[in-house]
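Student: Turn this into a structure:
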Amino acid sequence: MHQPLLQWEPSANALPTEQLYSLAANEQETLSVRNNALRALTRLGVKMPVDFLFDLLQQGDTELYMITENALAAQGENIPLTYILSWLEDANPLNGSVLRYYAITLAGYMGENAPVKLLLTLFDHPVDLKRDRREAAQALAKLGAYAPLDEMLARLHNADGDICPAMFHALSNMPLYAPVNIFVQALEDDDSEIKSIADDALSELVRKAPARLIEFARDDTRPIVRNQVLEALEKLGENASLDIALASLEDPATRFEAMHTLSELKVDISTLIPLETFLHYTSEDRIFNDVELTLLAQYGSQISLDLLLKNIGNTTAAKILYQTYPEVFRDRIAPHAEAILRGAPVSGIFTMFMRQRVAATIGQIGRATPEVLNLLIDLLDDPYWETRMEAARSLGAIHRNIPDRAIRRLLELRHDPQSNQVSQAADAALAQILSYENGMEDE
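Tutor: Model (predicted):
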């Protein structure tokens, strides 16, 4: 009987706020009606009285908590400090009080009026309450520029000298304010959780303030740091300094990321590095990856015909060949391409295209004999990434009775050094195979 009122939309008529307040506060009503009343008030843009919202929280109906908390959080600096203090003082921390939890959480929305000293004391509590610490740290992080940064840093380490995960996580949510060095140093911490938090914090810094990370870590040549700096350079775009990326080509551990950065920045690398040096970096005796070929294309007619023919299985190499040596492409490549389309046999490097077609066809069938399955698994080691990608996709399509050696190889291919597309195909194939083995497949 309450539906018309709960679905009411703003109009020139008076807002039915009193009726909605009454429905939300009435403990005799169903929780569904009370929740709908609160949602309607929120939808109408009504700023509800703080006392009214705190009364709802204290009634203890868990289904009302989330929407009530959101409505209170919207009050920001207007949240009365008296409620926060009384709930923290009255609630025994060992009882896991819901009101205590909300007192800590809501403090994070109070801006400059937040009881920061009270939140900090929760880290000095004689009882090691992980939930209190975690919520207090997150509340402090929400304060942004109003957060007591020095006091938070003073509590970054536990009594045993280890990093406090709760405080470190809170600081990681303040990448524009927290010192960059605490995250850089933590990348080599023994605790995997701390390392993961540090990596996430630096990734966020790359996204929000790349120049800040570059300024601090430009001289840090450790690959784990340098690769983050290279990503930050990409974010700067045309304002990026190239010296870091060019220097990073010297180290095999940062070379791929450096080439990716130069490619993303649209840098004409042929004017900066001689072709011989570039080939030294890329190792001319192996198949090139897409990023390397994109940069190689900038050398134009300097590129040897033999080098392009060796990499002809890559579409980028084929495009360079067509643009640089059109006669060779017409005389030596086009006839083989026509033969492949007709299904006629081919030889030499062009068998790669046939292997790709075989791998893709097996996947389309979705079934394979043990002999055919072994052939497909062997294609995971093909020198051309396109073939490896098709083989991985097909194994995912089959996904039944996949041998362990295939799964081990797919796990390795999740970090394929030549192509992200191979990594993605391997990841997707593993998900399909494992979901079937775990009985998660839809029948």
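Student: how about the helices in the stretch 51-200 of the chain?
Tutor: Counting by DSSP state H, counting those that start in this stretch, one finds helices in the stretch 51-200 of the chain at the ranges 62-73, 81-90, 98-107, 116-121, 130-142, 149-154, 165-172, 180-186, 192-208.
Student: could you dump those to CSV with mean neighbour count and distance to Ile362?
Tutor: Where C-beta positions appear, they are placed from N, C-alpha and C, glycine not excepted. Listed next are those as CSV, based on neighbours: other C-beta atoms under 10 Å; distance: least, C-beta to C-beta, whole Å:
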stretch, mean neighbour count, distance to Ile362
helix 62-73, 16, 50
helix 81-90, 16, 64
helix 98-107, 21, 54
helix 116-121, 17, 60
helix 130-142, 21, 50
helix 149-154, 15, 57
helix 165-172, 23, 46
helix 180-186, 18, 46
helix 192-208, 18, 38
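Student: so which of those comes closest to Ala428?
Tutor: Closest approach to Ala428 among those is made by helix 192-208 (22.9 Å; C-beta to C-beta).
Student: The helix or strand that that closest one is followed by to helix 192-208, inter-axis angle?
Tutor: Counting by DSSP states H and E, the next helix or strand C-terminal to helix 192-208 is helix 210-217. Following axes from the mean of the first three to the mean of the last three C-alpha atoms, to 10 degrees, one obtains 130 degrees for the angle between helix 210-217 and helix 192-208.
Student: Give me the contacts around helix 210-217.
Tutor: Identification of contacts with helix 210-217 by C-beta atoms under 8 Å, 6 or more residues apart in numbering yields 176, 180-181, 184, 202, 205-206, 225-226, 228-229, 231-233, 235-236, 241, 244.
Student: Do you have the helices of the stretch 201-350 of the chain handy? List them.
Tutor: Going by DSSP H, counting those that start in this stretch, the stretch 201-350 of the chain shows helices at 210-217, 223-236, 242-248, 252-264, 275-282, 290-296, 305-310, 315-324, 326-328, 334-342.
Student: Redo the ones you listed as TSV? Include mean pLDDT and mean neighbour count.
Tutor: Converted to TSV, those look like this (pLDDT from 0 to 100; neighbours: other C-beta atoms under 10 Å):
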stretch	mean pLDDT	mean neighbour count
helix 210-217	90	19
helix 223-236	91	21
helix 242-248	91	18
helix 252-264	90	20
helix 275-282	86	16
helix 290-296	85	22
helix 305-310	81	16
helix 315-324	80	17
helix 326-328	83	10
helix 334-342	67	13
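Student: What residues sit buried inside stretch 390-409?
Tutor: Buried residues in stretch 390-409, counted by 16 or more other C-beta atoms under 10 Å: 390-399, 402, 406-407, 409.
Student: do the same with stretch 409-418
Tutor: Those would be Arg409, Leu410, Leu413, Asp416, Gln418, for stretch 409-418 by 16+ other C-beta under 10 Å.
Student: Tell me the helix or strand right after the helix or strand of the chain with the lowest mean pLDDT.
Tutor: Taking mean pLDDT, DSSP states H and E as the measure, the chain has helix 3-6 as its least confident helix or strand, at a mean of 41. For helix 3-6, the following helix or strand on the C-terminal side (DSSP H and E) is helix 17-25.
Student: Can you pull out the residues in contact with that next one?
Tutor: 2, 5-6, 29, 33-34, 36-38, 40-41, 44, 46, 48, 52, 55-56.
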